[in-house]
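Asker: sequence-free structure coming up:
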RNA sequence: GGGGCCGUAGCUCAAUUGGUUAGAGUACCGGACUGUCGAUCCGGAGGUUGCGGGUUCAAGUCCCGUCGGCCUCGCCA
């Protein structure tokens, strides 16, 4: 080893001993006669003192050091003295009195300094990702990510699961997300698809008698990106045989408790609460509500219909509802203009035609629309919300399909802006009893809410034909701080039920055979009842770190247009490569 | 595919209503200083205002197009 200690290691107890450190120059201060260098590695920073009176021969070399140079220093660990301790550094009580200095490598002047708090724009960070990854925040993310992986493997190993790898080169199934395709050289005109998830393989592993499977699986989806979505991501993929829904929820409860204990040293209260899908939609307007704060939706359709406010009356008369939320203490924070522009825009994103509001002042409702409500109606509204002075009430009058997501988005926005929760908290809950299918009015058909192999609540099986929208699935989501952090289901193992679901989804027997015939065939040879779940590993790391962007927990992420600015991927390829693959490229016009 | 925000020195930002030679901090280069830790002080260098076009006596600023980054709706079984 080139070093005897790391830069995060030395303490007062080491004073008087010799040490050799290696690392990057995080900062330097030249006092002519004494040069200070803060040396950084993965473990921390240590101040090096190059003193003219102790080591005159290396003084000139020390003065030449610049940011991000890589050096090796040998010297004695020394007390800094009472009044010179730096409380900001773990190693702040000591410094290394350098006797020998070796410059292992000079750095070009870096385009930005990993050691400062001032962040450059993300484009530059991604282009120089190797510098960005030197920053403390990203180093922390990499460490937490490693811990999540390690703790996950430990947990499932101790629960008798097998970690099994499934193919990256698989068969394209046109269901679901767009596939990333890989051309086959030996089968001209044919393509593999990168897995959107190992869904079919893990079900086949259950048929194979593996019984308990997990995998840290890379998945690929060629869809548009978001702050919490990358084209390639990692799932903690799990499947179990001979289980019912609650067995799986219990198993994952245990995993989460293990992770929270291992990463934060905190105890997670089990079991995690399990809520009905319908209830979450009614109370929060979302199937993935952030329950770190309250602010439940309140229905005032009755009062609205009796009022003189045309917009409200019309909405109720045409089958919609008038629902609102109460933003505590927000009346002064949002001016009329901010409500009518910023907040209304959020609601408008989801199709809301407008956003009505009241401010509660002196026990009364103030608003441009207050005149349309009688004193008694205003009192009813105050009571319905339990509103107090300083509160802001916001209303959307529309069909639920519009007002639910609009109010849910407003709720999230207000919760964040009004700081209604502790950003460190991890609020976990299960949402169960999802509908099996939802009506796709553009395509005029039923779409699977989860996927076509998702099992049906036994008592709802007769409804598949009579009232498909009411059929509840044996599926479940794990929601954390408003993010979908895991999703799974019990699978269908009865061919008759499977056929009726395919019928409902408009998938013919021929189509089913063509797309996933190999799974259906496997299910005919003694498939055990089974089910599983997949956790979004990247999102979990993001949540554990308290970050709001998935790119910050991925070593080499892609931009919103799915480019890798570091490597320049994707890129054109040689004609020779294309010829080998029997591929001709035709670029879009313009 | 739609909506929004952004792009000025290596970096972070400023530049009045369209008007003088586009400024500051930091990094970089040189100098001073034996205890700093965001070191300090003195000096220097550093600009195709993303790119292309247009309007104007005059454009960083206004208009059109385009490229790139971020947020978001659709999309993501």
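Answerer: Looks like it came in fine. It should be emphasised that the depicted structure is a prediction, and the values quoted were computed from it without experimental measurement. Numbering: from 1, shown residues only, chains lettered A, B, ... in the order given.
Asker: Show the low-confidence segments of chain A, by residue range.
Answerer: A:589-590 (pLDDT under 70).
Asker: how is it carved up into domains?
Answerer: Using automatic domain parsing, the domain ranges for chain A come out as A:12-105, A:140-275+A:429-553, A:293-420.
Asker: Who are the packing partners of the longest helix seen in chain A?
Answerer: If you go by DSSP state H, chain A has its longest helix at helix A:136-158. When contacts are defined as 3 or more CB pairs under 8 Å, 6 or more residues apart in numbering; DSSP states H and E, helix A:136-158 sits against strand A:162-163, strand A:212-220, helix A:245-264, helix A:537-545. All C-beta spots, glycine's among them, are computed from the backbone N, C-alpha and C.
Asker: Make JSON lines out of these and add mean neighbour count and distance to RNA strand B.
Answerer: Below are the helices and strands packed on helix A:136-158 laid out as JSON lines (neighbours: other CB atoms under 10 Å; distance: least, CB to the nearest atom of the strand, whole Å):
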{"stretch": "strand A:162-163", "mean neighbour count": "13", "distance to RNA strand B": "20"}
{"stretch": "strand A:212-220", "mean neighbour count": "21", "distance to RNA strand B": "9"}
{"stretch": "helix A:245-264", "mean neighbour count": "18", "distance to RNA strand B": "17"}
{"stretch": "helix A:537-545", "mean neighbour count": "23", "distance to RNA strand B": "11"}
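Asker: Can you show me the helices along the stretch 1-150 of chain A?
Answerer: Listed in chain order, the helices of the stretch 1-150 of chain A (DSSP state H, counting those that start in this stretch) span A:59-63, A:122-127, A:129-132, A:136-158.
Asker: How far away from the center of its chain is the shortest one?
Answerer: On the basis of CA atoms, centre = their mean, to the nearest Å, the separation between the geometric centre of helix A:129-132 and that of its chain is 22 Å.
Asker: quick one: it near RNA strand B?
Answerer: No. Using CB under 7 Å from any atom of the strand, helix A:129-132 never reaches RNA strand B; the gap is at least 10.7 Å.
Asker: list the buried ones in that helix?
Answerer: A:129, A:131, A:132 (16 or more other CB atoms under 10 Å).
Asker: closest to residue A:15 among those residues?
Answerer: residue A:131 (33.5 Å; CB to CB).
Asker: if we can go back for a sec, could I get the domains of chain A in CSV, plus columns for distance to residue A:4?
Answerer: Shown next, in CSV, are the domains of chain A (distance: least, CB to CB, whole Å):
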stretch, distance to residue A:4
domain A:12-105, 5
domain A:140-275+A:429-553, 23
domain A:293-420, 46
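Asker: For residue A:578, find the nearest of those domains.
Answerer: domain A:140-275+A:429-553 (9.0 Å).
Asker: Pick out the residue of the stretch 351-500 of chain A closest to RNA strand B.
Answerer: residue A:451 (3.6 Å; CB to the nearest atom of the strand).
Asker: Touching, that residue and residue A:175? I think so.
Answerer: Yes. When contacts are counted by CB atoms under 8 Å, residue A:451 is listed as touching residue A:175 (7.3 Å).
Asker: got a list of contacts for stretch A:499-508?
Answerer: In this structure, residues lying in contact with stretch A:499-508 by CB atoms under 8 Å, 6 or more residues apart in numbering are A:436-437, A:445-448, A:452, A:454, A:456, A:461, A:464-465, A:468, A:492, A:509, A:512, A:515.
Asker: Turn the buried ones among the residues you listed into a named PyMOL selection, would you?
Answerer: Entered in PyMOL, the line below selects the buried ones among those, by 16+ other CB under 10 Å:
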select buried, chain A and resi 436+437+446+448+452+454+456+461+464+468+492+512+515
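Asker: What residues does the stretch 151-300 of chain A have near RNA strand B?
Answerer: Near RNA strand B, when you scan the stretch 151-300 of chain A using CB under 7 Å from any atom of the strand, you find A:173, A:175-178, A:196-197, A:199-200, A:221, A:223-229.
Asker: Let's see that with 6 Å instead.
Answerer: Contact residues, the stretch 151-300 of chain A versus RNA strand B (CB under 6 Å from any atom of the strand): A:175, A:176, A:177, A:196, A:197, A:199, A:221, A:223, A:224, A:226, A:227, A:229.
Asker: State the pair within these that is farthest apart.
Answerer: Using CB to CB, the pair of those lying farthest apart is A:175 and A:227, separated by 26.0 Å.
Asker: So between the two, which is more surrounded?
Answerer: residue A:175 (17 against 13; other CB atoms under 10 Å).
Asker: which residues does the more buried one contact?
Answerer: Contacts of residue A:175 (CB under 8 Å, 6+ apart): A:451, A:452, A:515.
Asker: The residue of the stretch 351-500 of chain A closest to RNA strand B: neighbour count?
Answerer: Residues near residue A:451, counting by other CB under 10 Å: 16.
Asker: Wait, a helix at it?
Answerer: No. If the criterion is DSSP: H, G, I helix; E, B strand; the rest coil, then residue A:451 is coil and not within a helix.
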